[in-house]
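Visitor: Just a sequence and a predicted model for now, questions to come.
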Amino acid sequence: MISAGTAVVTSHKAALWTDGRYYLQAEKQLSSSWTLMRSGSSCVPSSAEWLNDVLAPGSRIGIDPQFLFSSDVVNELKESVAKSNHELVYLYGVNLVDEIWKDARPLPTSKSIRVHELKYAGVDVSIKLANLRCELINHGSSAIAISMLDEVAWLLNLRGNDVPHSPVMYSYLIVELDSAKLFVDSSKVTPEVTDHLKKAGVELRGGNEEKRGTYRSRSCGQAS
């Protein structure tokens with residue numbers, strides 16, 4: 001599994017951008033219909049540059065804006081493809097990879113989240129949250145939304161099994177000046193984890209995401 005990359009698919013071409021950690025793996029696993037773009041290498045175009053080159057002017061480029069792109073990336077991409085008069089189309093509520101993957105997609109792991117003991121973590125969750133809130137105040141902000149899985153795991157002293165070879169869990173965390181909310185699959189939350197979060201003032205939100213289908217594909221976009 002390649003955990004860091006950008007896939008772009010057009011009606012006739014497909015390309016994958018990834019960094020040096022995955023060059024060899026991509027070379028072995030990609031079919032001949034894909035072009036490997038070695039990010040960071042000289043003369044390798046960005047995904048936007050590539051789209052401007054291979055698509056006819058005035059094409060429509062679809063992206064999943066809810067889970068796969070930050071607002072900064074979307075604005076940069078929109079500005080870049082506009083040079084060739086392309087239109088960026090936001091596919092709210094539908095991910096085209098999910099549509100064709102259907103029931104063949106492996107189910108997420110059902111293993112429970114666990115508490116990362118203080119003797120290993122080094123710093124209590126309450127202290128980490130207090131330090132983060134100080135930074136929010138210093139920057140004139142009232143809240144922060146955290147979607148990086150390793151950041152959520154570190155901040156809350158939790159570990160999971162949702163990603164192979166990485167002790168993280170699929171989750172989102174919103175930290176405000178006087179509260180914090182963790183959005184995570186509740187079926188993986190043990191009483192120990194519940195108590196751990198309650199002591200830190202973190203509220204649990206969410207339900208059984210596996211049944212609700214909110215785990216999304218992490219491939220990038222589709223162009224036509």
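Guide: Ah, there it is.
Visitor: any weak-confidence spans in the chain?
Guide: Across the chain, the ranges flagged by pLDDT under 70 are 1-3, 207-224.
Visitor: which residues of this protein fall in helices?
Guide: Along the chain, counting by DSSP state H, helices occupy 23-29, 47-54, 71-81, 96-101, 118-121, 125-138, 149-156, 191-199, 209-212.
Visitor: Now these in TSV, please, with extra columns for mean neighbour count and distance to residue 15.
Guide: (Each C-beta comes from the backbone N, C-alpha and C, glycine too.) Formatted as TSV, the helices of the chain follow (neighbours: other C-beta atoms under 10 Å; distance: least, C-beta to C-beta, whole Å):
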stretch	mean neighbour count	distance to residue 15
helix 23-29	12	11
helix 47-54	18	6
helix 71-81	14	15
helix 96-101	14	15
helix 118-121	10	40
helix 125-138	14	38
helix 149-156	19	26
helix 191-199	14	41
helix 209-212	13	31
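Visitor: Now tabulate those in CSV and tack on distance to residue 170.
Guide: Compiled in CSV, the helices of the chain are given as follows (distance: least, C-beta to C-beta, whole Å):
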stretch, distance to residue 170
helix 23-29, 22
helix 47-54, 25
helix 71-81, 20
helix 96-101, 15
helix 118-121, 20
helix 125-138, 19
helix 149-156, 7
helix 191-199, 14
helix 209-212, 7
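Visitor: The closest residue to residue 155 other than its chain neighbours and residue 103, how far apart?
Guide: Leaving aside its chain neighbours, residue 155 sits nearest to residue 128 (5.4 Å; criterion: C-beta to C-beta, 6 or more residues apart in numbering). Applying C-beta to C-beta, to the nearest Å, the value for residue 128 to residue 103 is 40 Å.
Visitor: And for residue 45?
Guide: In this view, residue 45 and residue 103 are 36 Å apart by C-beta to C-beta.
Visitor: and if you look at residue 12?
Guide: 28 Å.
Visitor: And these two? Which one has more around it.
Guide: Counted by other C-beta atoms under 10 Å, residue 12 and residue 103 do not tie: residue 12 has more neighbours, with 8 against 5.
Visitor: these two touch, right, residue 27 and residue 36?
Guide: Yes - using C-beta atoms under 8 Å, residue 27 makes contact with residue 36 at a distance of 6.4 Å.
Visitor: neighbouring contacts of stretch 162-181?
Guide: Stretch 162-181 has contacts (C-beta atoms under 8 Å, 6 or more residues apart in numbering) with 1, 3, 108-109, 113, 129, 132-133, 136-137, 142-147, 149-153, 155-156, 158-161, 182-185, 188, 200-205, 209, 215.
Visitor: Just give me the neighbour total for residue 178.
Guide: Look at residue 178: counted by other C-beta under 10 Å, it has 7 neighbours.
Visitor: Torsion angles phi and psi at it?
Guide: phi -130, psi 10 (degrees, to the nearest 10).
Visitor: tell me the contacts of the residue nearest to residue 155?
Guide: Residues near residue 128 by C-beta under 8 Å, 6+ apart: 154, 155, 157.
Visitor: Before I go, just wanted to say thanks for your time.
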